[in-house]
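Participant: please find the sequence and the predicted model below.
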Amino acid sequence: MSGFFMNPQTPGARFVRLLLLLVLLLPVQALAVGNPADMLPDPAQEERARTLGRDIRCMVCQNQSIEDSEVGLARDLRLIVRERIAAGDTDAEVRGFLHARYGDFVLMKPPFAWSTAVLWATPLVALAGGLGLILAMRRRIAAVPAAPPLTDEERKRLAALGLPREQGGTRA
């Protein structure tokens, strides 16, 4: 049996390794709210909390919503969202509460305002800068003059060295 796992050529061993790799790479995001005690008893309220949680950014992970994160702060925010929903707050009131407490950064889609203009403009500025850089490099490459043809003296020296002759009027 030990030869089965030790021999990488065995089709069964390859299958077992592939299966193990797939299990290890499965996303664990579904386990973020895995504790039944954290969930609301009403399925409609729980669904509202999950939907709202996808719009709230984890302050630690920064690119994940609190529903996708397993960090302690994300769990605390999930509990706050569920407490507010259980207390009867609307989605706008819950967002407003978190926004007032943590600022624009807590929202996955911050509102457009002069204070958040940099957040919204940065991708456009980066794209414009990249395109400008590409155009400048293309112009610089196009502006490079062609090498002048070899002089008679250079051709004689080249022939004396036995090197290949110039092709197309440019230096070899």
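Facilitator: Yep, it's here.

Participant: quick check: phi and psi at Ala159.
Facilitator: Backbone dihedrals for Ala159, given as degrees, to the nearest 10, come out at phi -60, psi -40.

Participant: quick one: neighbours of it, just the number.
Facilitator: Ala159: 10 surrounding residues under other C-beta atoms under 10 Å. C-betas here are computed from N, CA, C, even on glycine.

Participant: most centrally placed residue in this structure?
Facilitator: Asn63 (8.0 Å; C-alpha atoms, centre = their mean).

Participant: phi and psi next, for it.
Facilitator: When read as degrees, to the nearest 10, the backbone of Asn63 gives phi -110, psi 20.

Participant: return the residues in contact with it.
Facilitator: Neighbour list for Asn63: empty [criterion: C-beta atoms under 8 Å, 6 or more residues apart in numbering].

Participant: from Ser69, how far out is it?
Facilitator: According to C-beta to C-beta, to the nearest Å, Asn63 stands 10 Å off from Ser69.

Participant: what of Leu79?
Facilitator: If you go by C-beta to C-beta, the gap between Leu79 and Ser69 works out to 13 Å.

Participant: between the two, who's got more neighbours?
Facilitator: Taking neighbours as other C-beta under 10 Å, Leu79 and Ser69 compare with Ser69 leading, 24 against 15.

Participant: and the pLDDT for the more buried one?
Facilitator: pLDDT recorded at Ser69 is 85.

Participant: distance check, it against Arg140.
Facilitator: Distance, Ser69 to Arg140, by C-beta to C-beta: 45 Å.

Participant: same check on Val71?
Facilitator: Val71 is 47 Å from Arg140, by C-beta to C-beta.

Participant: those two: which has the busier surroundings?
Facilitator: Using other C-beta under 10 Å, the more surrounded residue of Val71 and Arg140 is Val71, with 15 against 9.

Participant: ok, residues contacting stretch 92-103?
Facilitator: Against stretch 92-103 from outside (C-beta under 8 Å, 6+ apart): 52, 55-56, 59, 77, 80-81, 84-85, 89, 106-107.

Participant: er, stretch 69-87 I mean
Facilitator: Residues outside stretch 69-87 that contact it (C-beta under 8 Å, 6+ apart) are 28, 31-33, 38-40, 45-46, 48-49, 52-53, 56, 58-61, 64, 66-67, 93-94, 97-98, 106.

Participant: of all the residues in that stretch, which ones are buried?
Facilitator: Neighbour counts using 16 or more other C-beta atoms under 10 Å place 69, 74-75, 77-78, 80-82, 84-85 of stretch 69-87 among the buried residues.
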